[in-house]
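Visitor: Give me coordinates for this.
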Amino acid sequence: MGSSRLPKKSLADICGRPMLARLLDRVRAVRLLDKIVVATTDQASDDPIAQFCQQEGVSCFRGSEQDVLDRFYCAAKKLEADTVVRITADCPLIDPEVIDKVIARFKNGDCDYASNALRYTYPDGLDTEVFSFAALEQAWREATKPSEREHVTPYLRSRKFRTVNVESDSPVNPNRYRWTVDNAADLQFVRGIYEAMNGNGSFGYKDIFELLRRRPDLAAIQTETLTNEGYYRSLYRQAEAGATPARTLTQSKAWLDRSQKVIPGCAQTFSKGYTQYVQGAAPVFLQRGKGCRVWDVDGNEYIDYVQGLLPNILGYANEEVNRAAAAQMDQGHSFSLPHPLEVELAERLTRLIPCAEMVRFGKNGSDATSGAVRAARAFTGRDRIACCGYHGWQDWYIGSTTRNAGVPAAVRELTHPFRYNDLASLEALFDEHPGEFAAVIMEPFNFVEPAAGFLQGVKDLAYQHGALLIFDEICSGFHFGLGGAQKIFGVVPDLACFGKAMGNGFPISCVVGRSDAMKTFEEIFFSFTFAGEIASMAAAMKVLDILETTDALARIEAHGRSLQDGVNTMAAEAGLQSRIEAVGRPQWSLLKFREADGSDSVLLKNLFQQEAVARGVLLLATHNMTAAHDGPAIQQTLEIYAEAIKTLAGWVQDADPARFLRGRMSQPVFRVR
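Guide: Model (predicted):
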């Protein structure tokens with residue numbers, strides 16, 4: 001009854017029956033339950049719930065208000081339960097068939113905890129958790145964090161227990177369907193559902209889908225509330241502020257000293273170099289990786305959100321992908337003539353990617369974007385290129401940035417950047433150089449959603465001026481779905497470039513597009529020794545197998561959303577919602593750090609990164625999500641972020657926050673997005 005957001009909601013009226021009564025009516029229809037007990041608090045404010053239970057003839061157990069785990073354990077022990085089914089009282093639309101499905105899955109005997117909410121494929125509000133009494137008792141003995149005691153099951157979802165998620169046969173986006181009662185608008189929504197059903201509570205969740213299809217006005221009632229918002233707040237409240245001790249980095253320092261003598265910049269990629277972190281406070285060399293974790297040369301372990309700069313969509317050292325590549329290497333992988341696998345992979349990509357009618361392969365993203373630009377120039381007989389985003393290291397693009405040393409002025413003058421979501425900036429380029437543009441190349445999506453009509457507007461402008469449209473999907477390809485951003489937004493380019501996630505760390509990229517433009521590759525020089533290297537193609541085939549036949553992409557999105565929502569909730573709890581924000585889509589979100597005036601804060605970014613790395617999270621500024629970032633890793637990350645955010649909340653009040661840095665701040669390569 002003491003809900004902070006909606007007091008007394010448990011007994012709020014829904015078509016003449018209290019919400020708790022509506023919930024009990026539905027739970028009584030579950031076939032696989034033996035007993036029902038309402039576990040409420042021993043506070044006087046919850047006396048009405050105990051009185052209600054007596055009237056309804058249902059068991060009521062009263063226990064600790066704050067230690068809900070203890071309350072559940074004591075209730076289960078008193079009733080001598082061997083299996084516990086946990087339903088929360090703010091879910092009056094829960095479906096008995098869904099509860100039975102989760103119970104039945106638990107009874108297979110191969111898990112300690114089963115739920116349909118480890119990853120949401122049902123609407124939020126149908127949440128069901130089933131666990132053994134033995135697991136509950138172990139959690140009751142061992143769980144020590146306030147968030148674990150308050151929210152009952154976080155400890156049960158840790159690596160100590162065998163967990164399984166129960167999937168819907170028709171998965172939905174839970175952010176579209178949230179049927180739990182957190183606020184007054186939610187209660188109004190639920191009342192509307194029951195009223196539309198004439199007060200009859202025997203409907204199932206599929207009936208609600210059908211009703212909402214006919215009555216979209218009902219769904220419009222609700223206001224936006226994050227799933228698990230209360231849990232994120234609990235993590236922040238329990239976090240301890242303050243700098244954490246620095247990790248031992250002796251071997252990293254030794255390898256850096258050696259590297260400086262023989263490798264310019266000490267790394268093969270700018271973004272992997274030591275200058276991208278607080279120097280002396282972060283590892284410089286990594287030794288190995290597995291799944292979502294890496295170990296540096298000093299043996300320190302980190303949850304890795306860099307993931308090789310985005311390619312490891314399945315995580316490090318995926319066994320299936322590695323076996324596929326190794327099997328091919330046993331038969332040779334750099335041949336003197338083409339291999340059939342080149343054809344098979346190309347055929348597969350033409351089925352998956354909307355614009356793909358033909359395919360040419362490369363090794364890096366820069367290969368693909370440069371090949372596409374060269375093909376566009378040959379196809380149109382024009383020289384100028386309009387670009388938006390980051391497109392690699394080759395002269396034609398990098399000459400348009402501040403990193404243009406060594407690029408001839410004549411080359412630099414042919415590439416013209418325009419602004420994302422600003423059609424006028426592109427149109428101005430066309431007007432300034434009429435009839436001279438070969439192509440528009442752009443990232444169709446990174447961390448900002450395209451404005452309505454923007455991508456189609458770019459395509460229309462390109463066509464009006466006789467230029468090709470090239471989508472650089474090196475980053476967006478595969479992470480946002482097998483067809484890339486072009487499939488999501490329904491705008492099909494002439495050519496597109498894919499790479500990074502395609503091989504899960506094995507070097508492979510490609511240019512795809514319509515046949516007439518792709519035929520140009522028969523004339524231009526796009527030719528290098530390792531373009532047809534087959535081990536990477538075998539890896540790519542296995543990656544596509546996994547992405548097409550498993551829930552890997554759905555898990556990436558779900559866990560990325562938890563991370564993104566958690567950051568934003570905890571930043572708000574700290575009063576830093578205007579200073580720290582996770583933006584973009586959950587599969588690839590960006591941490592934005594701002595000064596009080598709204599400008600970018602390099603200092604705040606460095607302080608956050610410093611504290612996260614010291615606690616065991618390796619990141620630049622993005623969450624490069626993989627299928628290997630599982631629930632326990634996300635939970636551990638959020639606990640670390642809670643401490644870092646709470647620490648920064650104190651530091652930003654200091655007259656000189658920079659004094660908390662442990663080394664020189666990171667040095668941006670250049671800004672492109």
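
Visitor: can we go C-alpha only for contacts and neighbour counts from here?
Guide: Will do.

Visitor: Now the helix or strand containing R561 - C-alpha only, CSV.
Guide: If you go by DSSP states H and E, R561 is part of helix 552-573. The C-alpha atoms that make up helix 552-573 are tabulated as CSV, following Å, rounded to 0.1, in the frame of the first residue of the first chain:
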residue,chain,number,x,y,z
ALA,A,552,21.4,-13.3,-30.5
LEU,A,553,20.2,-9.9,-31.9
ALA,A,554,17.2,-9.8,-29.6
ARG,A,555,19.5,-10.4,-26.6
ILE,A,556,21.9,-7.7,-27.8
GLU,A,557,19.0,-5.2,-27.9
ALA,A,558,17.5,-6.3,-24.6
HIS,A,559,20.7,-6.1,-22.6
GLY,A,560,21.7,-2.9,-24.3
ARG,A,561,18.4,-1.4,-23.3
SER,A,562,18.9,-2.4,-19.7
LEU,A,563,22.3,-0.7,-19.7
GLN,A,564,21.0,2.4,-21.4
ASP,A,565,18.0,2.8,-19.2
GLY,A,566,20.0,2.1,-16.1
VAL,A,567,22.6,4.8,-16.9
ASN,A,568,19.8,7.4,-17.5
THR,A,569,17.9,6.4,-14.4
MET,A,570,20.9,6.6,-12.2
ALA,A,571,22.1,9.9,-13.7
ALA,A,572,18.7,11.3,-12.9
GLU,A,573,19.0,10.0,-9.3
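
Visitor: Could you list every helix and strand that that helix packs against?
Guide: Where contact means 3 or more CA pairs under 8 Å, 6 or more residues apart in numbering; DSSP states H and E, helix 552-573 is packed against helix 229-238, strand 580-585, strand 588-593, helix 631-651.

Visitor: quick one: it to chain centroid distance?
Guide: Centre-to-centre, helix 552-573 and its host chain are 6 Å apart (CA atoms, centre = their mean, to the nearest Å).

Visitor: Could you do stretch 114-127 as well?
Guide: On the basis of CA atoms, centre = their mean, stretch 114-127 sits 17 Å off its chain's mean C-alpha point.

Visitor: Check stretch 143-158 too.
Guide: With CA atoms, centre = their mean, you get 23 Å for stretch 143-158.

Visitor: Could you export it as PDB, CA atoms only?
Guide: This file holds the C-alpha atoms of stretch 143-158, laid out as PDB (Å, rounded to 0.1, in the frame of the first residue of the first chain):
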ATOM      1  CA  ALA A 143      22.800 -12.100  -0.800                       C
ATOM      2  CA  THR A 144      24.100  -9.000   1.000                       C
ATOM      3  CA  LYS A 145      23.400  -6.000  -1.200                       C
ATOM      4  CA  PRO A 146      20.300  -3.900  -0.400                       C
ATOM      5  CA  SER A 147      19.200  -4.200  -4.100                       C
ATOM      6  CA  GLU A 148      19.300  -8.000  -3.800                       C
ATOM      7  CA  ARG A 149      17.300  -8.000  -0.600                       C
ATOM      8  CA  GLU A 150      14.700  -5.500  -1.900                       C
ATOM      9  CA  HIS A 151      14.100  -6.900  -5.300                       C
ATOM     10  CA  VAL A 152      14.100 -10.600  -4.300                       C
ATOM     11  CA  THR A 153      15.600 -12.200  -7.400                       C
ATOM     12  CA  PRO A 154      18.700 -10.300  -8.700                       C
ATOM     13  CA  TYR A 155      20.900 -12.800  -6.800                       C
ATOM     14  CA  LEU A 156      19.100 -15.700  -8.300                       C
ATOM     15  CA  ARG A 157      19.900 -14.400 -11.800                       C
ATOM     16  CA  SER A 158      23.600 -14.400 -11.100                       C
END
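
Visitor: Now do the buried residues in it.
Guide: For stretch 143-158, a neighbour-count test (16 or more other CA atoms under 10 Å) marks 143, 146-158 as buried.

Visitor: which outside residues touch that stretch?
Guide: 66-70, 72, 113, 135-136, 139, 163, 231, 234-235, 238, 631-632 (CA atoms under 8 Å, 6 or more residues apart in numbering).

Visitor: Now the buried members of these.
Guide: Here, 16+ other CA under 10 Å leaves 67-70, 72, 113, 135-136, 139, 163, 231, 234-235, 631 buried among the contacts of stretch 143-158.

Visitor: of all those residues, which comes closest to Q328?
Guide: Using CA to CA, G631 comes nearest to Q328 of these, at 33.3 Å.

Visitor: pretty sure the closest one is touching R561, no?
Guide: No: in this structure, G631 is not within contact of R561 by CA atoms under 8 Å, at 11.6 Å.

Visitor: And the helices in the stretch 201-350 of the chain?
Guide: With DSSP state H, counting those that start in this stretch as the criterion, the stretch 201-350 of the chain has helices at 205-214, 216-219, 229-238, 250-262, 319-329, 340-352.

Visitor: if you skip the residues just before and after it, what's nearest to A621?
Guide: L591 (5.4 Å; CA to CA, 6 or more residues apart in numbering).

Visitor: List the contacts of the one you found.
Guide: I580, E581, A582, V583, A621, T622, H623.
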